[in-house]
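Peer 1: generate coordinates for the sequence data below:
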Amino acid sequence: MKKLAVIALGGNALLRGNQVGTIEEQEQNTTDTLENLIFLIKAGYDIVITHGNGPQVGNVLMRNDAGEQVYNIAQMPIDICVADTQGGIGYMIERMFRNILFKHGIEKNVVCLVTQVVVNENDQAFKDPQKRVGKIYSELQAKELEEKKGWKFLEEVKEDSGFRRVVPSPKPIRVMNEKIIEDLARKGNIVIAAGGGGVPVYIDKNSNVRPVEAVIDKDMASSLLASDIGADEFYILTDVPYVYINYKKPNQEIKEFLNYKDTLRYLEEGQFTKGSMAPKIQACLCFLENGGGKSVITEAFKLEDKSYGTKITMEYED
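Peer 2: Residues are numbered from 1 along each chain as shown. Okay, here's the model as predicted:
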């Protein structure tokens, strides 16, 4: 059986930090990243692609806000906004990949699935929302929205003064349609799924699917999907070429090869930044815990160059 890889696009795979975010910029970044995946296809891998949506869903939420204020257009909930960005980003990835495959003379179907991801409605994250979304509001605006919509806010200290809405980020427990995703991929189709961590839903007592106002960590959802479909390898493409310990300190050290035990120890020591590298490391460890063969974290445009990237396995590779 051919190897199956799940590749999570994030960081500058879609949008670089110094860019405005025009469609031209995103299409070029996406094209450059997808070019790096061709070697996996030529090596005989079946692949599933997931992606982030942080900047994009933030823009959708701000358009929501502007539409309500200026034109009295009803705002859509977060699950609809995530689904919107899954469709838009997925379409862009699919179109760019079709063009790249044609360029390389490769005949493959590319399909994008708007994917729901199930969470536990009683997850502790719902009691302590921390994920910042949308625009920055004044204190008065934040209080009005808390009263009117029941939104939660935290003071924003890293950017302009003001308050940002926060929503829960519960743990994903099931990717819906995972068997269909696996079947399509193992038949040689390139599948784009679980974008932005998936549309967050829960199953109620009557077995109905219900939406929740939350966002799911993209890397954790991707790791879960990779485990559920029996992937051999799990890649996280981000904006740094390696995992480092003592990051940005005089004794900074590149870690090109890591095993499970040492990686867990570094995580517990606080070597990896919360909200940045730590979730990626946790996702990689979860994949290995569930039987995965290898996790790789590397820069979006460096994947094809095997001298880059941190490779994490249960034991050190020979």
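Peer 1: packing partners for the host helix or strand of Ile89?
Peer 2: For Ile89, the element it lies in under DSSP states H and E is helix 78-103. For helix 78-103, the contact count by 3 or more CB pairs under 8 Å, 6 or more residues apart in numbering; DSSP states H and E identifies helix 23-35, strand 46-51, helix 54-71, strand 110-112, strand 190-192, strand 199-203 as packing neighbours. Heads up, the C-betas are built off the backbone N, CA and C, glycines and all.
Peer 1: now do 6 Å
Peer 2: Other helices and strands packing on helix 78-103, by 3 or more CB pairs under 6 Å, 6 or more residues apart in numbering; DSSP states H and E, are helix 23-35, helix 54-71, strand 110-112, strand 199-203.
Peer 1: that one to helix 54-71, inter-axis angle?
Peer 2: Per axes from the mean of the first three to the mean of the last three CA atoms, to 10 degrees, the angle that helix 78-103 makes with helix 54-71 is 130 degrees.
Peer 1: now helix 78-103: buried residues?
Peer 2: 78-79, 81-86, 88-90, 92-94, 96-97, 100-101 (16 or more other CB atoms under 10 Å).
Peer 1: what's the angle from it to strand 46-51?
Peer 2: Orientation check (the same axes, to 10 degrees): helix 78-103 against strand 46-51 gives 140 degrees.
Peer 1: strand 199-203 and helix 78-103, what's the angle between them?
Peer 2: 130 degrees.
Peer 1: re earlier: put together a markdown table for the helices and strands packed on helix 78-103, with mean neighbour count and distance to Thr263 on each row.
Peer 2: A markdown table is the format used below for the helices and strands packed on helix 78-103 (neighbours: other CB atoms under 10 Å; distance: least, CB to CB, whole Å):
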| stretch | mean neighbour count | distance to Thr263 |
| --- | --- | --- |
| helix 23-35 | 17 | 25 |
| helix 54-71 | 16 | 24 |
| strand 110-112 | 18 | 32 |
| strand 199-203 | 21 | 28 |
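Peer 1: could you tell me the least trusted of those?
Peer 2: In terms of average pLDDT, helix 54-71 trails the rest of the helices and strands packed on helix 78-103, at a mean of 90.
Peer 1: what about the helix holding Ile89, average pLDDT?
Peer 2: On average, helix 78-103 scores 97.
Peer 1: equivalent analysis for stretch 120-129, please.
Peer 2: In this model, stretch 120-129 carries a mean pLDDT of 95.
Peer 1: tell me if Tyr266 really is in a helix.
Peer 2: Yes. Under DSSP: H, G, I helix; E, B strand; the rest coil, Tyr266 falls within a helix.
Peer 1: quick one: low-confidence parts of the stretch 151-300 of the chain?
Peer 2: 157-160 (pLDDT under 70).
Peer 1: can you give me the strands in it?
Peer 2: If you assign secondary structure with DSSP state E, counting those that start in this stretch, the strands in the stretch 151-300 of the chain sit at 152-156, 162-167, 172-175, 190-192, 199-203, 209-211, 233-238, 243-245, 253-255, 257-259, 294-299.
Peer 1: nearest to Asn109, of these?
Peer 2: Smallest distance to Asn109 across the strands of the stretch 151-300 of the chain (CB to CB): 7.0 Å, for strand 190-192.
Peer 1: quick check: the residue of the chain positioned farthest from its centre vs Pro170, distance?
Peer 2: In the chain, counting by CA atoms, centre = their mean, Leu140 sits farthest out from the average C-alpha position, at 32.9 Å. Leu140 sits 30 Å away from Pro170, going by CB to CB, to the nearest Å.
Peer 1: burial of Val191, as a residue count?
Peer 2: 28 (other CB atoms under 10 Å).
Peer 1: my read is that it contacts Asp183, right?
Peer 2: No. With contacts counted by CB atoms under 6 Å, Val191 stays clear of Asp183, the gap being 9.5 Å.
Peer 1: residues in contact with the residue nearest to the spatial centre of the chain?
Peer 2: The residue lying closest to the centre of the chain (CA atoms, centre = their mean) is Lys218, at 2.7 Å. Counting by CB atoms under 6 Å, 6 or more residues apart in numbering, Lys218 touches Gly52, Gly197.
Peer 1: what about Arg186, how many residues close to it?
Peer 2: A count of nearby residues for Arg186, using other CB under 10 Å, gives 16.
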